[in-house]
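*Asks:* Predicted model, plus sequence, below.
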Amino acid sequence: MTARPAFRDPNVLRWLGAYTTSVTGDVAYYLILSWTAIRAAGPAQVGAVLAVGAIPRAVLMLGGGVLADRFGPRRVLLASDVVRCAVVLGAAALTGIDGPRLWPLYVVAVLFGVVDAVFMPAVGALPPRLTEQDQLARVQGMRVLAVRFGNAVGPLIASFVLAAQGAAGAFAVVG
């Protein structure tokens, strides 16, 4: 019996839609974070804010893989996405209350980086659990298309929302 093609499998398509949405939101988040850091302290601080978020992600990613193995990638993926959403909505609240300030951006970047260290291994471990071995290359190809779509559309969404709503509104929409 042959397996259902990945592009017709409802489980794969649901995952792909959620993953595409998540990647697009991530790309928009980083643009909004950078723009807000420029508004808060100038262009020189953008690199520092982004680096502060990248360090915990790089250091803790192995631990995120252990969590995904221990508790299952689906459960870890859903929990980390909920926490990432809460972090971005917290950024919206902080920016809305106090305007663009540098210290909250550092906190948001660190928290997002920590949770992203859990998210990344879980999202990578999920495709083999969604489909048969003979369809895995197609699923990974669709995953690459989702990333490319997010890289193309995320900045457009971020720029339109930043222009219409400002930083707080943009963080809220991405959250």
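*Replies:* That came through, no problem.
*Asks:* where's the most centrally placed residue in the chain, which helix or strand?
*Replies:* Compute the mean C-alpha point of the chain, and by Cα atoms, centre = their mean the closest residue is D26, 3.6 Å away. D26 is part of helix 10-41 when elements are defined by DSSP states H and E.
*Asks:* ok, residues contacting stretch 26-39?
*Replies:* 45-46, 49-50, 53, 88, 91, 95, 100, 102, 105, 108-109, 112, 150-151, 153-155, 157-159, 161-162, 167, 170-171, 174 (Cβ atoms under 8 Å, 6 or more residues apart in numbering). C-beta coordinates here come from the backbone N, C-alpha and C atoms, glycine included.
*Asks:* Swap in 7 Å and give it another go.
*Replies:* 45-46, 49-50, 88, 95, 100, 102, 105, 109, 150-151, 154-155, 157-158, 162, 167, 170-171, 174 (Cβ atoms under 7 Å, 6 or more residues apart in numbering).
*Asks:* Check those residues for burial and list the buried ones.
*Replies:* By neighbour count, with 16 or more other Cβ atoms under 10 Å, these hold 45-46, 49-50, 88, 95, 100, 102, 105, 109, 150, 154-155, 157-158, 162, 167, 170-171, 174 as buried.
*Asks:* Quick one: mark the members of the residues you listed that sit in helices.
*Replies:* 45-46, 49-50, 88, 95, 102, 105, 109, 150, 154-155, 157-158, 162, 167, 170-171, 174 (DSSP state H).
*Asks:* how about the worst-scoring helix or strand of the chain on mean pLDDT: buried residues?
*Replies:* Across the helices and strands of the chain, mean pLDDT, DSSP states H and E gives its lowest value to helix 127-130, namely a mean of 87. Going by neighbour count (16+ other Cβ under 10 Å), the buried part of helix 127-130 is 127, 130.
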